[in-house]
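Enquirer: Test case, fold it:
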Amino acid sequence: MQESHRPAVTISAIAAEAGVSVPTVSRVLNGRGDVAPRTRERVEALLRDYGYQRRGVRPEARSGLIDLVFNDLDSPWAVEIIRGVEEAANEAGASTVVSAIHRHTSPASTRKWLDNVSARASDGAILVTTDLDSFLRAELQRLHVPAVVVDPAGVPDLDVPTIGATNWTGAVGATEHLTAAGHRRIGFVAGAPGLWCSRARLDGYRAGLDAAGIAFDPELVMEGDFDYQSGFRAGCTLLELPEPPSAVFAASDQMALGVYEAVRQKGLRVPEDLSVVGFDDLPEARWASPPLTTVRQPLAEMGKLAARTILRMLQGEGPESSRVELATRLVVRESTAAPGSR
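Expert: Numbers count the residues shown, from 1 in each chain. Predicted coordinates for the structure are as follows:
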């Protein structure tokens with residue numbers, strides 16, 4: 001008589017039966033030491049009982065595919081990440097599948113993406129500016145798909161390797177560049193609310209002001225969304241203030257270029273009437289008129305490192321570090337000058 005097989009079990013079910021949280025089961029699966037011995041034994045016994053395979057152990061041959069997932073594919077920022085991932089994947093003989101899922105506005109897109117990952121038996125997943133919550137992590141674990149997060153949306157989760165940039169340091173340097181030029185009234189166009197990098201850049205702006213002895217003025221902070229339109233709207237608002245700023249630091253190059261347009265429509269000039277600094281150093285920053293002073297974020301390098309981290313995990317090796325931040329640097333071009341330099 002043929003033996004009946006249990007249906008596949010999820011990490012959530014293992015956690016519930018063991019009376020622990022999903023992250024605790026994840027720590028056991030990853031060999032983490034910060035789990036009580038009795039808890040570890042109980043979880044490992046259930047994993048053995050259900051025949052659950054550890055992350056990175058595939059029941060079949062690898063497909064040679066890495067999934068790269070964005071919330072938004074419209075930005076040239078995404079293109080730079082893709083370029084880096086594809087370069088590292090190609091070097092290893094792997095291919096990249098690029099997707100966009102809008103988890104908060106369309107939860108069904110997450111389920112569809114997971115079904116596609118299962119159908120094509122992807123070897124790993126790189127998720128960009130996302131919050132890898134317990135459900136998504138558990139489903140990727142169930143599919144034996146290791147994950148890396150680039151620019152995590154929330155506080156980095158040490159159970160999953162994350163790769164970012166030194167956002168705070170870069171924002172401090174951009175602000176100090178403007179204060180050193182003599183600017184005292186500096187506007188700031190913030191990034192998408194809720195993102196870790198947005199908060200870090202705002203905090204860096206405030207720290208740069210504080211270092212120069214300049215009081216923070218919330219009237220000079222405009223909410224943006226990392227796109228051209230929000231930068232344009234913010235620039236228009238700042239220029240209409242009774243006492244407009246002499247400089248603006250935008251938390252992305254696209255928003256900085258939107259500020260350029262607001263300046264142009266006002267009949268003013270960059271940098272004679274308004275100095276502007278961006279963040280990213282996208283290719284169009286150097287071709288803007290005038291060329292944009294900006295903080296270079298190593299986007300392609302972040303993509304390469306994410307892909308190489310996935311490939312290491314597939315070889316059974318742990319990541320070199322659970323949280324990596326690549327260095328940013330200020331690239332000074334022609335969009336900044338001393339105030340009143342007309």
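
Enquirer: any idea of the mean pLDDT in stretch 311-321?
Expert: Within the predicted structure, the mean pLDDT of stretch 311-321 is 79.

Enquirer: mind listing what's buried in that stretch?
Expert: Of the residues in stretch 311-321, those buried by neighbour count under the rule 16 or more other C-beta atoms under 10 Å are 311, 312, 313, 314, 319. The way it works is simple: take the backbone N, C-alpha and C, and place the C-beta from them, glycine included.

Enquirer: So the fourth one versus residue 194, what's the distance?
Expert: Translated: residue 314. From residue 314 over to residue 194 the distance is 32 Å, taken as C-beta to C-beta, to the nearest Å.

Enquirer: now do residue 226
Expert: Distance, residue 226 to residue 194, using C-beta to C-beta: 12 Å.

Enquirer: name the element the nearest residue in space to residue 274 that is not next to it in sequence belongs to?
Expert: Setting aside the residues directly before and after it, residue 274 is nearest to residue 263 in space (C-beta to C-beta, 6 or more residues apart in numbering), at 5.3 Å. Using DSSP states H and E, the secondary-structure element containing residue 263 is helix 253-265.

Enquirer: Let's see that helix as CSV, backbone CA atoms only.
Expert: These are the backbone C-alpha positions of helix 253-265, laid out as CSV (Å, rounded to 0.1, in the frame of the first residue of the first chain):
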residue,chain,number,x,y,z
ASP,A,253,17.9,63.9,-8.9
GLN,A,254,14.5,63.7,-10.5
MET,A,255,13.0,66.0,-7.8
ALA,A,256,16.0,68.3,-8.2
LEU,A,257,15.3,68.5,-12.0
GLY,A,258,11.7,69.3,-11.1
VAL,A,259,12.9,72.2,-9.0
TYR,A,260,14.9,73.3,-12.1
GLU,A,261,11.7,73.7,-14.0
ALA,A,262,10.0,75.6,-11.2
VAL,A,263,12.9,78.0,-11.3
ARG,A,264,12.7,78.4,-15.0
GLN,A,265,9.0,79.0,-15.0
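
Enquirer: quick one: average confidence on it?
Expert: If you average the per-residue pLDDT over helix 253-265, you get 97.

Enquirer: after the helix or strand of the chain with the lowest mean pLDDT comes which helix or strand?
Expert: Among the helices and strands of the chain, helix 22-29 carries the lowest confidence by mean pLDDT, DSSP states H and E, at a mean of 70. Read in the C-terminal direction, the helix or strand following helix 22-29 is helix 37-50, with elements assigned using DSSP H and E.

Enquirer: which element follows that next one toward the C-terminus?
Expert: For helix 37-50, the following helix or strand on the C-terminal side (DSSP H and E) is strand 65-70.

Enquirer: From the chain's centroid, how far away is that next one?
Expert: 14 Å (C-alpha atoms, centre = their mean, to the nearest Å).

Enquirer: Tell me the secondary structure of residue 127, please.
Expert: The local conformation at residue 127, judged by DSSP: H, G, I helix; E, B strand; the rest coil, is strand.

Enquirer: Quick check: it vs residue 71, distance?
Expert: In this structure, residue 127 and residue 71 are 9 Å apart, going by C-beta to C-beta.

Enquirer: So for those two, which sits in the more crowded spot?
Expert: A side-by-side neighbour count of residue 127 and residue 71, using other C-beta atoms under 10 Å, places residue 127 first with 27 against 18.

Enquirer: these two touch, right, that one and residue 151?
Expert: No: shown here, residue 127 and residue 151 do not form a contact pair, counting by C-beta atoms under 8 Å, at 9.5 Å.

Enquirer: The helix or strand hosting residue 201: what's the following helix or strand?
Expert: Taking DSSP H and E as the definition, one finds residue 201 inside helix 196-211. Elements were assigned by DSSP H and E; along the chain past helix 196-211, the next helix or strand is strand 221-222.

Enquirer: Can you list the strands that that next one pairs with?
Expert: Pairing partners of strand 221-222, with direction, according to DSSP bridges: strand 186-189 (parallel).

Enquirer: Name the residues that touch the partner strand?
Expert: 175, 178-179, 202, 205, 209, 214, 220-222, 224, 230-231, 234-235, 238, 244-251, 255-256, 259 (C-beta atoms under 8 Å, 6 or more residues apart in numbering).

Enquirer: can we see that at 6 Å?
Expert: Contacts of strand 186-189 from elsewhere in the structure, counted by C-beta atoms under 6 Å, 6 or more residues apart in numbering, are 178, 205, 220-222, 224, 231, 234, 238, 245, 247-250, 255.

Enquirer: got it, and stretch 255-271?
Expert: Everything outside stretch 255-271 that qualifies as a contact, by C-beta under 6 Å, 6+ apart, is 189, 224, 228, 231-232, 235-236, 239, 248, 250, 274, 276, 278, 292, 335-337.
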